[in-house]
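Visitor: Next one to model:
(one chain, ligands or ions: 2)
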Amino acid sequence: MLGRVNHVAIAVPDLSSAAESYRSTLGAVVTEPQALPEHGVTVVFVTLPNTKVELLEPLGEASPIAAFLEKNPAGGMHHICYEVADIIAARNRLRQAGARVLGDGNPKIGAHGKPVLFLHPKDFQGTLIELEEV
Ligand SMILES: C[C@H](C(=O)O)C(=O)SCCNC(=O)CCNC(=O)[C@H](O)C(C)(C)COP(=O)(O)OP(=O)(O)OC[C@H]1O[C@@H](n2cnc3c(N)ncnc32)[C@H](O)[C@@H]1OP(=O)(O)O
Ligand SMILES: [Co+2]
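Guide: Numbers count the residues shown, from 1 in each chain. Ligands and ions are numbered 1, 2, ... in the order given. Have a look, this model is predicted:
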């Protein structure tokens, strides 16, 4: 069911400072900030030869990463995103297996304009999983 790793995400308290750190100190190519109000985050992507790293900071009052940053004020690894060919088939299979699909279970459009879903971290070894249909 799982395809490639699309991105690894790091929640940060200050996106411009994190992007600058990746650009200047690590010498990486970083995209411009993209506000995603429906997801409660603003993101940039660090473009790497084999995958991407997503840096995300909270946007708005009800950001899903607010509690995470309260517990990890310096930031920290937040989720891993795997590609799937058919996100509805993946969701149905995961639900049948007893995994908790977050939100209302309907995919939202993610940062790449493709449907995404999230799976509860307590069901997968303490790691929040994002699925993206490609
Ligand atoms: C769009 C874009 C894209 O790429 O396209 C994105 O990625 S958007 C990326 C942002 N969007 C999302 O993350 C959407 C899905 N996420 C969520 O719905 C929520 O973040 C959540 C339900 C996973 C957790 O919400 P919360 O922190 O407010 O809730 P709680 O405090 O009750 O957390 C429940 C338990 O999960 C733990 N927990 C919370 N977040 C994480 C995480 N990222 N990784 C591992 N564990 C985590 C908490 O420490 C707690 O454990 P304990 O009980 O042991 O203390
Ligand atoms: Co993501």
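Visitor: Direction included, what does the longest strand along the chain pair up with?
Guide: For the chain, the longest strand by residue count, based on DSSP state E, is strand 76-84. Strand pairing for strand 76-84, determined by DSSP bridges: strand 5-11 (antiparallel), strand 128-133 (parallel).
Visitor: What residues of the one helix or strand Ala19 maps to count as buried?
Guide: Ala19 belongs to helix 15-20 when assigned by DSSP states H and E. Applying a neighbour-count criterion of 16 or more other CB atoms under 10 Å, the buried positions in helix 15-20 are Leu15, Ala18, Ala19. Backbone N, C-alpha and C define where each C-beta goes, glycine included.
Visitor: burial of the closest residue to Leu102 other than its chain neighbours, as a residue count?
Guide: Nearest residue to Leu102, sequence neighbours excluded (CB to CB, 6 or more residues apart in numbering): Phe118, at 4.2 Å. Phe118 is flanked by 20 other residues according to other CB atoms under 10 Å.
Visitor: where does Phe118 land in three-state SS?
Guide: strand (DSSP: H, G, I helix; E, B strand; the rest coil).
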